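> please work out how this folds:
(2 chains)
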Amino acid sequence: MRVTKDLCISTLLIALCVTGFAATDYIRQPSYASISARLWPRITLALLLGIVLIYFIQSIARSLNPAEAATAKPSELRLWHQHGNAFLTFALFFAFLLLLPVLGMLLDGIAFVFILQAVLGESGGRATIRHALVAIVTVGAMWALFTYWLGVIMPTGMIINLD
Amino acid sequence: MIDHILAAVAAIASIKTLALMVAGVLAGLIAGAIPGFTITMAIVLTLPFTFGMSPIQGLATMIGVFVGGLSGGLMSAILTGIPGTPSSIATTFDGNPMARRGEAGLALGIGIWASFVGGIISSIILVTLAPQLSKIGLEFGPWSYFSLIVFALTIAASLAGERLVKGLIAGALGLFLATVGEDPVNGVARFTFGFGPLEQGFAFLPVLVGLFAFSQLLNDIRDRERARQPLALGSDALVRVEHRAAIKALARSWANTLRSSLIGVFVGVLPAAGSSISNFLSYDQAKKASRHPERFGTGIPDGIIASEAANNATAGGALVTMMALGIPGDIVTAVMLGALMVHNVAPSPTFITSQPVLAYSIFLAYFVANFLMLACQALSLRLFLHVTKVPMYILASVILFYTAIGVFALNNTTYDIWTLFGFGVLGYLMGEFGFPLAPMILGVILGKIAEVNLGRALSINPNWTPFLTHPWSLLFLILSVFSLLFPWYQGNQGKALWARLFIPLLCFSTAVPLFMMDSWVRTALGVVLCVAGLYIMSRKVWGAEPSRTEA
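Numbers count the residues shown, from 1 in each chain, chains lettered A, B, ... in the order given. Have a look, this model is predicted:
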């Protein structure tokens, strides 16, 4: 039997359901409640668990089938090639979120858009200038629109209080 | 009623509202035209701009985006062969071959006018059907509402076809995620694990943007080469839309136009089924009804008419369900439902009677948006040609930032951006592992509504039997079972005996709750269903019509 992606996901989902069920015990039961606050979460978890078990059985059946197992070969070597841009984008977005309280929405946004373009796009002098201009103009315009037109108070940042 | 309509006309006819609608239609046309930028994404990105507007202006703007987006998909479908949105996939079958033959102007004209006619037909149906459907909705108790939500989720899952189990998991996961935070019935915190911000749960907008827009953008830029390329059309020459010839072609195919529009409305009315299905369904029906089915796919006007009339008509049908019952007709109206909630408006069967001006403004906005779409097509075609020159990675970088600023504006909290990020990762992973996203989004949106109705139902009667004894509830539960079995039925159609009995059984089963209803019209409808079931059974089971395999 091969360990397939489906088998891993179904196992993870079963673990999620079990954890969820355990966590429902910690939901407070108010004295005034006409129906239990645990009822609906338990119904959804039972439903989820039931379907996940079907998925789990299907995954085992597939992993035991040599024909299907052969076609479902993993492509770990191509993992970076296939998902590299997505990983980089997630990492940069994560950094953007971490730095938001420090840099504020305007500076952090400009930095994020500029670096993301530099990472995903072309390199070179002209491209860098273009990326910088796109970042400053689009983020600046969006920030101004939300701040002055829609009256949204954006995170100001700690280092340079440009906002 | 006349007073309400006049008040709605006054609200929509203001310069500001019309200007916002024009902007919305243009934005929708451009977004719909860009492959990878779905209508859902366009509406989601528009939503933050509407926070500062009145509900009527905000909804009119988003309806503009909706109608524009449905029509925008045809531009890239015809000119590049790449559908701008899933709702225009069938348009590529005949639109692109026509463009390659040098008839791009005629193909565009046919697409534009078919979209317009489909939209107008469905807006007429919307105005007439929605108030009637809402009257039926008033008969629903919490049992029927709960069952209707179950039905919507099973349809969304069954649309995943072979991935039915994954679709069901996605739907159930969405329901579970909707339970995180404060319980809507008792106000008790759930699944917070001591983390304070989780008490507010997951706001609808960050979840939606994360699951759909964020993950979709990442898919668009996943390939390094593709991310760096602009959406080149191959030619910068501006195509001239041939309106007169297109209208003549449409007039010649009036039956196809009408049939496709009605199919579009019907699919739209079904909870959770949208224009991505209706365009295929109507294309298939147009092909079957044609005297020359072999010419479909070679570049004929009928193919474009079928797809475009149906996908625009679906919008009206989806709005009917949303306005009358408070249940989204498709994923786009699910966003609209969320937008209404942001504006403190909750659609339900009483919505049209309790907020008639807003309801009629939505009807009117949908009607007007179709005219604006027609007027804005030429301008949007020019803008589309410019946008196609921008590399995908630049568009994606800017839009990713915009999603962050947009969801922040919802509650002025960075917690929502973290939610966006978390659901972005989840959406990307789900897409990679073959889980459909639509059932999950419906689960998140409908989860709280389902819980509230279940709570009401059990408070009134702690027994579960009313779910089976209330006719509407029973009807929806029967339909849920059949919609779950539908993918298997499709796979075994004409082969297994049970598959041949599927449609007759559906007819007999749905007739039961109709007989339980206190109305002679519904009893008569039940009799018609039984007769239809017997007729189909006589042909399919008792051998009058040989099955496919036997043939």
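> what pLDDT does the model give residue B:21?
At residue B:21, the model reports a pLDDT of 92.
> state the distance from it to residue B:375.
11 Å (CB to CB, to the nearest Å). For every residue, glycine as well, the C-beta is placed using N, CA and C.
> looking at those two, which one has more neighbours?
residue B:21 (27 against 10; other CB atoms under 10 Å in any protein chain shown).
> settle this for me: the more buried one is touching residue B:64, isn't it.
Yes - if you go by CB atoms under 8 Å, residue B:21 and residue B:64 touch, sitting 4.1 Å apart.
> anything in contact with each of these two?
Common contact partners of residue B:21 and residue B:64 (CB atoms under 8 Å, 6 or more residues apart in numbering or on different chains): B:365, B:369, B:372.
> nearest spatial neighbour of the second one, chain-adjacent residues omitted?
In this case it means residue B:369. Leaving out its chain neighbours, the residue that sits closest to residue B:369 by CB to CB, 6 or more residues apart in numbering or on different chains is residue B:67, at 3.9 Å.
> could you do residue B:71 as well?
Excluding the flanking residues, the one nearest residue B:71 by CB to CB, 6+ apart is residue B:115, at 4.4 Å.
> quick one: residues contacting residue B:202.
B:177-178, B:180-181, B:419, B:423, B:444.
> which one's the longest helix in the chain?
Let's take chain A. Ranked by number of residues, the top helix in chain A under DSSP state H is helix A:79-120.
> hmm, I had chain B in mind actually
helix B:104-137.
> mean confidence for that helix?
pLDDT averaged over helix B:104-137 gives 85.
> following that helix, which helix or strand comes up?
Sequence order places helix B:142-158 as the next helix or strand after helix B:104-137, per DSSP states H and E.
> just the CA trace of that next one, in PDB.
Provided in PDB are the C-alpha atoms of helix B:142-158 (Å, rounded to 0.1, in the frame of the first residue of the first chain):
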ATOM      1  CA  PRO B 142     -37.600  27.100  10.100                       C
ATOM      2  CA  TRP B 143     -37.800  23.400   9.200                       C
ATOM      3  CA  SER B 144     -38.200  24.200   5.500                       C
ATOM      4  CA  TYR B 145     -35.500  26.800   5.600                       C
ATOM      5  CA  PHE B 146     -33.100  24.400   7.100                       C
ATOM      6  CA  SER B 147     -33.900  21.800   4.500                       C
ATOM      7  CA  LEU B 148     -33.600  24.300   1.700                       C
ATOM      8  CA  ILE B 149     -30.000  25.100   2.900                       C
ATOM      9  CA  VAL B 150     -29.300  21.400   2.900                       C
ATOM     10  CA  PHE B 151     -30.600  21.200  -0.600                       C
ATOM     11  CA  ALA B 152     -28.400  24.200  -1.700                       C
ATOM     12  CA  LEU B 153     -25.300  22.500  -0.300                       C
ATOM     13  CA  THR B 154     -26.000  19.200  -1.900                       C
ATOM     14  CA  ILE B 155     -26.500  20.800  -5.300                       C
ATOM     15  CA  ALA B 156     -23.200  22.600  -4.900                       C
ATOM     16  CA  ALA B 157     -21.500  19.400  -3.900                       C
ATOM     17  CA  SER B 158     -23.100  17.300  -6.700                       C
END
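> how about the helices in chain A?
A:5-24, A:39-64, A:66-71, A:79-120, A:125-144.
> lowest mean pLDDT across these, which one is that?
Minimum mean pLDDT among the helices of chain A: helix A:66-71, a mean of 60.
> residue B:125 against residue B:317, yeah?
Yes - between residue B:125 and residue B:317 there is a contact under CB under 8 Å: 7.2 Å.
> are there residues contacting both of the two? Which ones?
Common neighbours of residue B:125 and residue B:317 (CB under 8 Å, 6+ apart) are residue B:265.
> okay, the two: which has more neighbours?
Using other CB under 10 Å as the criterion, residue B:125 and residue B:317 rank with residue B:317 on top: 31 against 22.
> which ones are touching the residue lying closest to the more buried one once chain neighbours are set aside?
With CB to CB, 6+ apart as the criterion, residue B:317 has its nearest non-adjacent residue at 2.2 Å, and that residue is residue B:268. Contact analysis of residue B:268 by CB under 8 Å, 6+ apart lists B:122, B:274-275, B:278, B:313-321, B:329-330.
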